[in-house]
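Visitor: pasting the structure only:
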């Protein structure tokens, strides 16, 4: 009997309609990437690699090639050389340190393998570009500091703005304005 | 003014009627039949009966033609092959048609209208629809009921005819 | 012809131009609104990148549609394939000849009626002419020479036959209450008493359901069912011909909303605000309702559709007429 | 004002075309369509007479004619579908079982 009444009075349909109306009026979850906002990952995020330096500004990498051995996709090329000028922490530094980002799968094994904590995964994830040159990350690019500092806590949506330059399109983050995304 | 419209409608009606019986593809015929019905509806408006025009569009164009198209599509009738267009009785048929034209033309030419004129003048016909409804439920209530019964029978009959027997 | 008839004729032409250009332009904001409603119901934002809140998105879409290649399938019936979008578009525009937007207004000391013509068989005319629009679907689907399109058109023809009955019977209930087939009279009679929805709640429900089916919108858009028929009758269409079908669908939605307002919600009558504003408010509420329904309910199955049409809506609408008749006596 | 004879001639022409369709064509669907044409021509003359004689009877009969035509089409097409299922043909001269 109640079933019949429910059918006649369209109870189920009205329930559905009221639910969608509630959703319609509530706030949307969409992150307006790349125009206005951008997701800032947690510190544990595995993005573009960085090569770290110690407090004196010396390269931590000793070109032991353990990362290249550990890499499952064999995307890291390390060529060592001797150097006594104090660029590195030891007298052996990397002459070439190159990561093929097309092949890299961001597993983080290189991080684990590194004995000097030289290579770390950063938080850069906008790796798309117009030419294949930028698919290779050389030593210079890896040594340069990343836009988001390591100590900056992640898990936020931050303000950002889209920039169109000759080199390509970039999303510039604004670290001062952040909000929890949920 | 009205005469021009009448000629436009009449020419369209006749030419689409000819297209209906001469085209080889049944779907094309159906489209032209639809055009013909619309022209007839327009002629009804010229004859000051908008209700009939609306009913004509509603029933003929809206329902009957959809049924035709539905049947053509369900039966998957493609184009007729050439030479299957007409059947072998056509000479006799053409003679009969010419005879019909002759007889009816003669009738039309000789006829004159001398029936008594009714009470529904142009002014009274302004409320055409109301008059029709009233007559339908008073003077013509018996044919009305018979026709509704006929429709019901047709409805059931069509269902019975098409329904597949379940074993 | 004297000057008075000339002015009348010019007025009619102006009204026709205004209404038809309005109807051509209306789908542009409507597609945007529909996508926005869809987005917000699904907790998204909808289009956002072209213009303020994506307001230029439909314009971009339109430009895209215009410059797309117009493909006609090789084995299609070329003549009907080209004709079908026009057949679906023209009747739905024709119906607006009798749709009243408001009552008389005075412009430069002259009375101007806010409708092109007040036929004394207005509602019948609208329902009849709107029914022609389905030929665009049927012929387009047949002419495409594709399985999906053919199934779409067969479905739409069967659907149209079964729901037009219920739709017109629901309208007849209103006609019985107001004693007139003319839309202007129907509105004026509601001004004198209350809205027809109070007398015809059942008729209104039947009208809305059958109307949804008549204009092929979800949950009854079986003829363009993406899940099982790819896109149904317009699967082979592209470019402007496709956009004609879309245009016809949106204008049909506007027509159904306008009719619902005129038949059941007192047309342009309302307190304080000018009549035309009331009319727009009511119609847009109905348009929103149609969109709301679209993104709430899943599509019905085909046999369910036929069951609802013949076994529920048709008897119910007959019962509605019977009850109305009993009350009138 | 258009004279009555115009309408009658139009009705007559369409009637003849309808008869020609019935007699000449092989396809039953076209034959049914021609029948509809005949119905329409009759409707035109009925309404024309009703208009010129200022009587309502003709117009009312058109309503009945339209109803009968709708019923006829429904039943006719149902028979056609049933026949097509049995014989796989819609051509009149191939449906000649009763002749022999």
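Guide: Received the coordinates, thanks. Being a predicted model, the structure only gives us computed values, none of them experimental.
Visitor: Following the chain onward from the helix with the most length in chain A, which element is next?
Guide: Criterion DSSP state H: the longest helix present in chain A is helix A:11-25. Going down the chain from helix A:11-25, the next helix or strand is strand A:37-40, by DSSP states H and E.
Visitor: hang on, residue B:135 packs against residue D:56?
Guide: Yes. Assessed by C-beta atoms under 8 Å, residue B:135 is found in contact with residue D:56 at 5.5 Å. The C-beta positions use only the backbone N, C-alpha and C, and glycine is treated the same way.
Visitor: of these two, who's got more company?
Guide: Legend: neighbour count by other C-beta atoms under 10 Å in any protein chain shown for residue B:135 and residue D:56, higher for residue D:56 (23 against 17).
Visitor: near chain C at all, the longest helix seen in chain D?
Guide: If you go by DSSP H, chain D has its longest helix at helix D:57-87. No. If you take C-beta under 8 Å from any C-beta of the partner chain as the test, helix D:57-87 misses chain C, and the best it gets is 10.2 Å.
Visitor: Run the chain-centre distance for that helix.
Guide: 9 Å (C-alpha atoms, centre = their mean, to the nearest Å).
Visitor: Mind listing what's buried along it?
Guide: Buried residues in helix D:57-87, counted by 16 or more other C-beta atoms under 10 Å in any protein chain shown: D:57-84.
Visitor: packing partners for it?
Guide: Contacts defined by 3 or more C-beta pairs under 8 Å, 6 or more residues apart in numbering or on different chains; DSSP states H and E place helix D:57-87 against helix B:50-55, helix B:65-75, helix B:128-137, helix B:141-162, helix D:28-52.
Visitor: Would you check the distance separating the shortest one from the middle of the chain?
Guide: On the basis of C-alpha atoms, centre = their mean, helix B:50-55 sits 13 Å off its chain's mean C-alpha point.
Visitor: what helix or strand is the closest residue to chain B within chain A on?
Guide: Using C-beta to the nearest C-beta, residue A:7 is the residue of chain A that sits closest to chain B, at 26.3 Å. According to DSSP H and E, residue A:7 maps onto helix A:2-8.
Visitor: what residue ranges in chain D are flagged as low confidence?
Guide: Filtered on pLDDT under 70, chain D yields the residue ranges D:100.
Visitor: in it, what residue is nearest chain A?
Guide: For chain D, C-beta to the nearest C-beta, closest residue to chain A: residue D:74, 31.6 Å.
Visitor: list the contacts for that residue?
Guide: Applying C-beta atoms under 8 Å, 6 or more residues apart in numbering or on different chains, we find residue D:74 in contact with B:67, B:154, B:155, B:157, B:158.
Visitor: Residue A:42 too?
Guide: Residue A:42 sits in contact with A:154, A:155, where contact means C-beta under 8 Å, 6+ apart.
Visitor: what's the distance between it and residue C:3?
Guide: 80 Å (C-beta to C-beta, to the nearest Å).
Visitor: Can you report how many residues neighbour the closest residue to residue C:291 other than its chain neighbours?
Guide: Excluding the flanking residues, the one nearest residue C:291 by C-beta to C-beta, 6 or more residues apart in numbering or on different chains is residue C:37, at 4.6 Å. For residue C:37, the tally of surrounding residues (other C-beta under 10 Å) stands at 20.
Visitor: my guess is residue C:37 meets residue C:287, correct?
Guide: No. Counting by C-beta under 8 Å, residue C:37 does not reach residue C:287; the two are 9.7 Å apart.
Visitor: Check the gap between the residue of chain A closest to chain B and chain C for me.
Guide: Relative to chain C, residue A:7 is positioned 10 Å away (C-beta to the nearest C-beta, to the nearest Å).
Visitor: give me the number of residues near the closest residue to chain A within chain B?
Guide: Here chain B gets closest to chain A at one residue, residue B:159, 26.3 Å apart by C-beta to the nearest C-beta. Residue B:159: 11 surrounding residues under other C-beta under 10 Å.
Visitor: do residue D:21 as well
Guide: For residue D:21, using other C-beta under 10 Å, the count is 25.
Visitor: list the contacts for it?
Guide: By C-beta under 8 Å, 6+ apart, the contact set of residue D:21 is B:20, B:21, D:30, D:31, D:33, D:34, D:37.
Visitor: which one is the most centrally placed residue in chain C nearest to, not counting chain neighbours?
Guide: By C-alpha atoms, centre = their mean, chain C has its centre lying nearest to residue C:252, at 2.2 Å. Distance criterion C-beta to C-beta, 6+ apart; nearest residue to residue C:252, sequence neighbours excluded, is residue C:215 at 4.2 Å.
Visitor: Also residue C:85?
Guide: residue C:244 (3.5 Å).
Visitor: Okay, buried residues for the helix or strand hosting that neighbour please.
Guide: Here residue C:244, judged by DSSP H and E, is contained in helix C:239-264. If you call a residue buried by 16+ other C-beta under 10 Å, then helix C:239-264 has these buried ones: C:241-264.
Visitor: Just after it, pick out the following helix or strand.
Guide: helix C:275-294.
Visitor: contacts for that following helix?
Guide: A:17, A:20-21, A:24, C:30, C:33-34, C:37-38, C:41, C:101-103, C:114, C:212, C:217-219, C:253-254, C:256-258, C:260-261, C:265-270, C:273.
Visitor: and if you look at stretch C:206-214?
Guide: Residues contacting stretch C:206-214 (C-beta under 8 Å, 6+ apart): C:130, C:159-160, C:163-164, C:166-167, C:169-171, C:219-220, C:252, C:256, C:259-260, C:263-264, C:290, C:293, C:305, C:308-309, C:313, C:316-317, C:320.
Visitor: Now do it: distance to the chain's middle.
Guide: 10 Å.
Visitor: One more: stretch B:18-30?
Guide: When C-alpha coordinates are averaged (C-alpha atoms, centre = their mean), stretch B:18-30 and its chain have centres 15 Å apart.
Visitor: That one: end-to-end distance?
Guide: Using C-alpha to C-alpha, to the nearest Å, the end-to-end distance of stretch B:18-30 comes out at 12 Å.
Visitor: from the contacts of stretch C:206-214, which ones fall inside strands?
Guide: Among those, no member is found in strands (DSSP state E).
Visitor: Just the ones in helices from those residues, please.
Guide: C:130, C:159-160, C:163-164, C:166-167, C:169-171, C:252, C:256, C:259-260, C:263-264, C:290, C:293, C:305, C:316-317, C:320.
Visitor: pLDDT at residue A:73, what is it?
Guide: Per-residue pLDDT puts residue A:73 at 91.
Visitor: ok, back up a step: could you save the contacts of residue D:21 as a markdown table and add columns showing neighbour count and distance to chain C?
Guide: Shown next, in a markdown table, are those (neighbours: other C-beta atoms under 10 Å in any protein chain shown; distance: C-beta to the nearest C-beta, whole Å):
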| residue | neighbour count | distance to chain C |
| --- | --- | --- |
| B:20 | 28 | 15 |
| B:21 | 23 | 18 |
| D:30 | 28 | 17 |
| D:31 | 20 | 21 |
| D:33 | 27 | 15 |
| D:34 | 24 | 20 |
| D:37 | 28 | 18 |
